[in-house]
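Asks: The following comprises the amino acid sequence and a computationally predicted model.
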Amino acid sequence: MADSPTMIPLLASLLLAATPAGAAMAALFIARLPLALQVRALFPMTMLSTVPLLATAATPGLAATWVLWFVSGLLQGYAVTVMTLV
């Protein structure tokens with residue numbers, strides 16, 4: 001399926017949508033947490049958001065890469081706190 005030239009743009013689009021989709025899901029959840037808890041989670045989420053992206057260096061399959069990028073987006077939910085505080 002991934003070898004088909006007509007599928008490449010679709011698959012690339014799905015991969016590119018994974019991180020923003022995860023960030024949107026995280027924003028819905030994190031905005032409901034008390035601000036003190038958001039601030040406490042800020043540094044760990046910032047550091048951990050890079051780990052799934054580093055794991056893609058192991059060249060997992062397409063589905064695993066999508067999940068890793070989605071998880072990275074989830075961990076990028078710290079941006080909600082940053083935007084609240086700035």
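Replies: All right, it came through fine.

Asks: Residue for residue, what is the longest helix this protein has?
Replies: Assignment by DSSP state H gives helix 8-30 as the longest helix of the chain.

Asks: Which helix or strand lies directly C-terminal to it?
Replies: Going down the chain from helix 8-30, the next helix or strand is helix 35-48, by DSSP states H and E.

Asks: contact partners of that following helix?
Replies: Helix 35-48 has contacts (CB atoms under 8 Å, 6 or more residues apart in numbering) with 30, 33, 75, 76, 77, 78, 80, 81, 82, 84, 85. From N, CA and C alone the C-beta is placed, and that goes for glycine too.

Asks: tell me the contacts of the residue nearest the centre of the chain?
Replies: Central residue check for the chain by CA atoms, centre = their mean: the C-alpha nearest the mean position is that of residue 73, 1.2 Å away. Contact criterion CB under 8 Å, 6+ apart gives 18, 19, 20, 21, 22, 23, 24, 25, 26 as the residues in contact with residue 73.

Asks: now do residue 50
Replies: Residue 50 sits next to residue 72 when contact means CB under 8 Å, 6+ apart.

Asks: could you measure it against residue 58, distance?
Replies: Look at residue 50 and residue 58: by CB to CB, to the nearest Å, they are 15 Å apart.

Asks: and what of residue 16?
Replies: Distance from residue 16 to residue 58, by CB to CB: 20 Å.

Asks: Residue 41 now?
Replies: 27 Å.

Asks: what do you get for residue 74?
Replies: Shown here: residue 74 relative to residue 58, a distance of 20 Å by CB to CB.

Asks: who's more crowded, those two?
Replies: Using other CB atoms under 10 Å as the criterion, residue 74 and residue 58 rank with residue 74 on top: 22 against 9.
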